[in-house]
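1. Sequence first, predicted coordinates after that:
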Amino acid sequence: QVQLVESGGGLVQAGGSLRLSCAASGTIFAINTMGWYRQAPGKQRELVATMTNTGFTNYAHSVKGRFTISRDNAKNTVYLQMNSLMKPEDTAVYYCNLRMATGRGEDNDYWGQGTQVTVSS
């Protein structure tokens with residue numbers, strides 16, 4: 001079993017910053033990526049940013065230049081530094097994701113419980 005515990009969400013004014021953290025624990029091996037997704041009310045969950053073990057990053061176009069993902073591989077922890085937050089684009093529940101290889105040519109996705117980020121005007 002894999003557990004993902006997120007922290008760092010909250011209420012922030014437009015233009016402000018927040019830092020999300022996600023620590024993974026349990027039976028962890030062969031991590032492909034760790035990252036963040038978000039889901040706003042009435043919308044589908046979307047990718048925000050992911051990072052591979054080797055440091056390759058993938059960002060949603062809407063957050064490039066404002067958000068920065070980082071990882072501490074030794075601690076199985078991923079961070080998301082969010083700057084210049086915008087309302088309402090960035091208001092959403094943010095979910096931590098860990099994608100792990102099964103060894104059978106497939107990947108398993110694990111999700112955190114989600115942390116609310118609300119950007120106010």
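-> Cool, got the structure. Note that the structure is predicted; figures quoted are calculated from it, not measured. Residues are numbered from 1 along each chain as shown.
2. hang on, residue 74 is in a helix, isn't it?
-> Yes: secondary structure assignment (DSSP: H, G, I helix; E, B strand; the rest coil) places residue 74 inside a helix.
3. how about low-confidence regions in this protein?
-> Low-confidence segments of the chain, defined by pLDDT under 70, are absent.
4. Look up phi and psi at the residue of it most remote from its centre.
-> No residue in the chain sits farther from the centre than residue 104, which is 25.6 Å out by C-alpha atoms, centre = their mean. Backbone torsions for residue 104, taken as degrees, to the nearest 10, come to phi -120, psi 30.
5. what's near enough to touch it?
-> Taking C-beta atoms under 8 Å, 6 or more residues apart in numbering as the contact definition, residue 104 lies against nothing. No exception for glycine: its C-beta is placed from N, CA and C like everyone else's.
6. The one 3 residues further on too?
-> Shown in contact with residue 107 (C-beta under 8 Å, 6+ apart): 32, 99, 100, 101.
7. now with 6 Å?
-> Residue 107 makes contacts with 32, 99, 101, as judged by C-beta atoms under 6 Å, 6 or more residues apart in numbering.
8. Next, count neighbours for the nearest residue to it once chain neighbours are set aside.
-> Distances taken as C-beta to C-beta, 6 or more residues apart in numbering put residue 99 closest to residue 107, at 5.0 Å, once the chain neighbours are dropped. When counting by other C-beta atoms under 10 Å, one arrives at 16 neighbours for residue 99.
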